[in-house]
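>>> just a sequence and a predicted model for now, questions to come.
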Amino acid sequence: MILACRRLRFPLFIGGVLSLFAAFSLNSQAQSTADLNSIQQTKVMLGDARLTSGIPGQGPLTVADISTWLMKAENHVSLDVELPMGLDAGSLQIVGLTENPLTRAKVELGRQLYFDTRLSSDNTISCASCHHPDEGYGRRTQFGIGVKGQQGGRNSPISYNRILSGLQFWDGRAASLEEQAKGPIANPTEMGNTHEKAIETLKSVPGYVQQFNTVFGAKGMTIDTAAQAIASFERCLVTAPSPYDYAEQMKRFEKLTPADINELKTDDVEFYETYQQALVDAKRFPMSESAKRGRELFFSVRVNCSACHVGANLTDEKYHNLGVGIDKATPDEGRFAITKDRKDWGAFKTPTIRNVASSAPYMHDGSLKTLEDVVEHYNKGGVPNKNLSDKIKKLDLKNHEKTELVEFMKACTGSFPKVETARLPQWFGRGMRPSWVSTAAGRVLPCFSARPPDVTHLDDAWFTKRGDENPAELSRCQSRRGQIFVDTFSIDFCCNMLEEASETCY
Ligand code: HEC
Ligand code: HEC
């Protein structure tokens, strides 16, 4: 009997314990046996919540919390990653780790930055504002909404499974995740900041200074190291196995006869256990009959979604013109704007189908509200135009087939890792301690008790100047000026604070 190639369910942990100890001349007294064991685990399964659930504890991160965390050698060990079942078929496709190795400390720093609105010009927008875990790491708005409610012209794509993706953006204009992460910070309609100001703000947060110095050594805090940290966090956002993956896994065992299985019990106990586990998984995360038929259609020659949605992450990472939004007066030229190659006109990067049910609306322009609408778009053969992909043609799907395709896509949903969204470094603002105020709108804002002597830019002349530019802001802010100190933030933030802060702020 020939058995399919065996895959170990549990990775072996290989670790260079001794060399690590030499590398970290940290308080060796503090190294407990527990630490020693975890240092050996240089191999991690991405999606493991311990990578993304934040520094242990609750509330804003204090300098003491951060110091304790940074002291642990295990948090600085370069991690060797494994992908969850399903996605693991793409292991050879992993990008970015050689240039930017993962460590727990770097991932955690990236997590903080990802959820920190202080990267934006007015402290209102973080990466998560447009790529939120509760909304499938996208946003349920047609376009991304940035500072001052501004809208861009494209839908927020998802920010998970990026470890399998090279070029970023709908048009692939960023060469890496690192390069991508710098974009929104300085984009006027997104976070509306400059890289310099963003870094200046982060430098007023001692917990950040401390982490950047430890994680990046001499390089310290720059926009590039910030981007490396954010990219590292994103690389840990991967989708867990979905009903589709469990069903695929069962296919390995399809050819086994009852006699084979009986034989396995004694001949190959490990393989038998793998088989038993696969049975349990497939039962626990079942794929409906309708979804199974949808799977066949998706990969069939006739419907051929897999001409482009293929591989572990169900995308070819290439650019195609489906005619989405092409009938507008000035259509988005997509990839063409970057390459100037005629075949790229109106072409956009194929998005993943994994967890796609959680990130409506769809397409680069967010023009299709549901998966049913998407299937309808393909069914009619896209929107004809001079550059329509030759892989797009009328499908003449029956109604039940449309439902089945949608059911299949829903069956490609696996869980996301647990992610801490709130625990961020406390802000002392040039040595001053703010009180943290919960506002009626449910936001937590820093309030400084007094203006420090070295700050003069909030004096009368400054208020008058700003008031000339915007009289409404002046009248709102004047009533309380001097009592709240706003350091690196704009007047808008000051006003938001005055409006939202309760009387107990001082
Ligand atoms: C105002 C909303 C908004 C904010 C804030 C924002 N993004 Fe995006 N993001 C978008 C939009 C819209 C796109 C697609 C833009 C395009 O393709 O031209 C995008 C694209 C991306 C992509 C590319 C995904 C792919 O499939 O190619 C990643 C990754 C990403 N953003 C991560 C981030 C990170 C990290 C931050 C914070 C530093 C961030 N975003 C901030 C809206 C936003
Ligand atoms: C020629 C390549 C190609 C084929 C074939 C194809 N797709 Fe796509 N798919 C894409 C591209 C490219 C986009 C993004 C297009 C855009 O935004 O303009 C996309 C977008 C999608 C989206 C929206 C995802 C999101 O996050 O916005 C879904 C869902 C989808 N396709 C499902 C399917 C299904 C189902 C089929 C088969 C009926 C199919 N695709 C066939 C390339 C393809």
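All right, it came through fine. Ligands and ions are numbered 1, 2, ... in the order given.

>>> what strand or helix carries S67?
According to DSSP states H and E, S67 maps onto helix 63-71.

>>> got it, and K402?
Using DSSP H and E, K402 sits in helix 399-410.

>>> do L202 as well
Here L202 sits within helix 195-203, counting by DSSP H and E.

>>> right, and the helix or strand after that helix?
Proceeding N to C from helix 195-203, the next assigned helix or strand is helix 206-216, under DSSP H and E.

>>> helix or strand right after that next one?
That would be, after helix 206-216 and using DSSP H and E, helix 223-235.

>>> give me the angle between that next one and helix 195-203.
Orientation of helix 223-235 against helix 195-203 (axes from the mean of the first three to the mean of the last three C-alpha atoms, to 10 degrees) gives an angle of 70 degrees.

>>> taking the centroid of the protein, which residue is nearest it?
Of all residues in the chain, the one closest to the mean position by C-alpha atoms, centre = their mean is S159, 3.6 Å from it.

>>> and the nearest residue to that residue once chain neighbours are set aside, how many neighbours?
Leaving aside its chain neighbours, S159 sits nearest to H131 (4.0 Å; criterion: C-beta to C-beta, 6 or more residues apart in numbering). Yep, even glycine has a C-beta here, placed from its N, CA and C like the rest. Around H131 there are 23 other residues, counting by other C-beta atoms under 10 Å.

>>> ok, Q180 next?
When neighbours are counted by other C-beta under 10 Å, Q180 registers 21.

>>> pLDDT score assigned to it?
pLDDT recorded at Q180 is 98.

>>> and it, that one's in a strand?
No. According to DSSP: H, G, I helix; E, B strand; the rest coil, the state of Q180 is helix, so it is not within a strand.

>>> quick one: it and ligand 1, what's the gap?
From Q180 across to ligand 1, the span is 5 Å (C-beta to the nearest ligand atom, to the nearest Å).

>>> kindly report the same for L314.
Distance from L314 to ligand 1, by C-beta to the nearest ligand atom: 13 Å.

>>> just the element for that residue, please.
L314 belongs to no helix or strand, assigned by DSSP H and E.

>>> helix or strand right after the helix ranked longest in the chain?
Criterion DSSP state H: the longest helix present in the chain is helix 269-284. On the C-terminal side of helix 269-284, the closest following helix or strand by DSSP H and E is helix 289-298.

>>> could you give the mean pLDDT of the helix or strand that that next one is followed by?
Next helix or strand after helix 289-298 toward the C-terminus (DSSP H and E): strand 319-320. Averaging pLDDT along strand 319-320 gives 98.

>>> distance from whichever helix or strand comes after strand 319-320 to the middle of the chain?
Under the assignment DSSP H and E, the closest C-terminal helix or strand after strand 319-320 is helix 336-339. Offset of helix 336-339 from its chain centre (C-alpha atoms, centre = their mean, to the nearest Å): 25 Å.

>>> repeat that for stretch 268-287.
30 Å.

>>> what residues of that stretch count as buried?
F271, Y272, T274, Y275, A278, D281, A282, F285, M287 (16 or more other C-beta atoms under 10 Å).

>>> can you redo these as TSV with pLDDT and distance to ligand 1?
TSV is the format used below for the buried residues of stretch 268-287 (pLDDT from 0 to 100; distance: C-beta to the nearest ligand atom, whole Å):
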residue	pLDDT	distance to ligand 1
F271	92	38
Y272	94	41
T274	92	33
Y275	94	36
A278	95	31
D281	95	29
A282	95	30
F285	97	26
M287	97	26
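
>>> could I get these as CSV with distance to ligand 2?
Converted to CSV, those look like this (distance: C-beta to the nearest ligand atom, whole Å):
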residue, distance to ligand 2
F271, 35
Y272, 37
T274, 31
Y275, 31
A278, 26
D281, 25
A282, 23
F285, 21
M287, 16
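
>>> just to revisit the earlier point, what's the angle from the helix holding S67 to helix 206-216?
10 degrees.

>>> so which residues of the stretch 51-200 of the chain form strands?
Secondary structure of the stretch 51-200 of the chain (DSSP state E, counting those that start in this stretch): strands at 80-82.

>>> which residues of it score low on pLDDT?
Flagging of the stretch 51-200 of the chain using pLDDT under 70 yields an empty set of residue ranges.

>>> now do the helices in it.
For the stretch 51-200 of the chain, the helices defined by DSSP state H, counting those that start in this stretch cover 63-71, 104-114, 127-130, 177-186, 195-203.

>>> just the ones you listed: most buried one?
helix 104-114 (a mean of 25; mean count of other C-beta atoms under 10 Å).

>>> I185 contacts K197, correct?
No. If you go by C-beta atoms under 8 Å, I185 and K197 don't touch, sitting 9.2 Å apart.

>>> closest one to V215 among the helices of the stretch 51-200 of the chain?
For those, proximity to V215 was assessed by C-beta to C-beta; helix 104-114 is nearest, at 5.1 Å.

>>> what's the neighbour count on the closest residue to ligand 2 within the stretch 1-150 of the chain?
The nearest approach of the stretch 1-150 of the chain to ligand 2 comes at G138, 7.3 Å away (C-beta to the nearest ligand atom). Residue neighbour count, defined by other C-beta under 10 Å, stands at 25 for G138.

>>> quick one, what contacts the closest residue to it other than its chain neighbours?
Counting by C-beta to C-beta, 6+ apart, S359 is the residue found nearest to G138 once chain neighbours are left out, at 3.7 Å. Residues near S359 by C-beta atoms under 8 Å, 6 or more residues apart in numbering: E135, G136, Y137, G138, I158.

>>> ok, the last one - contacts?
I158 sits next to H131, G136, Y137, G138, P351, T352, N355, S359 when contact means C-beta under 8 Å, 6+ apart.

>>> ok so, going back, can you list the neighbours in contact with the helix holding S67?
26-27, 30, 55-57, 75, 105, 108, 206-207, 210-211, 214, 425-426.

>>> now the angle between helix 104-114 and it, please.
Using the same axes, to 10 degrees: helix 63-71 against helix 104-114 is 140 degrees.

>>> quick one: helix 63-71 to chain centroid distance?
Computed by C-alpha atoms, centre = their mean, the chain-centroid distance of helix 63-71 equals 25 Å.

>>> output it as PDB - backbone C-alpha positions only.
This file holds the C-alpha atoms of helix 63-71, laid out as PDB (Å, rounded to 0.1, in the frame of the first residue of the first chain):
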ATOM      1  CA  VAL A  63       7.500  52.100  30.400                       C
ATOM      2  CA  ALA A  64       7.800  49.400  33.100                       C
ATOM      3  CA  ASP A  65       5.700  46.900  31.200                       C
ATOM      4  CA  ILE A  66       7.700  47.500  28.100                       C
ATOM      5  CA  SER A  67      11.100  47.200  29.900                       C
ATOM      6  CA  THR A  68      10.200  43.900  31.300                       C
ATOM      7  CA  TRP A  69       9.100  42.600  27.900                       C
ATOM      8  CA  LEU A  70      12.200  43.900  26.200                       C
ATOM      9  CA  MET A  71      14.400  42.200  28.800                       C
END
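
>>> that older thread, who are the packing partners of the longest helix of the chain?
helix 243-251, helix 258-267 (3 or more C-beta pairs under 8 Å, 6 or more residues apart in numbering; DSSP states H and E).

>>> how is this protein divided into domains?
Domain assignment for the chain, taken from automatic domain parsing, gives 17-235, 285-410, 435-505.

>>> in CSV, list those domains along with distance to P241.
Converted to CSV, the domains of the chain look like this (distance: least, C-beta to C-beta, whole Å):
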stretch, distance to P241
domain 17-235, 5
domain 285-410, 7
domain 435-505, 35
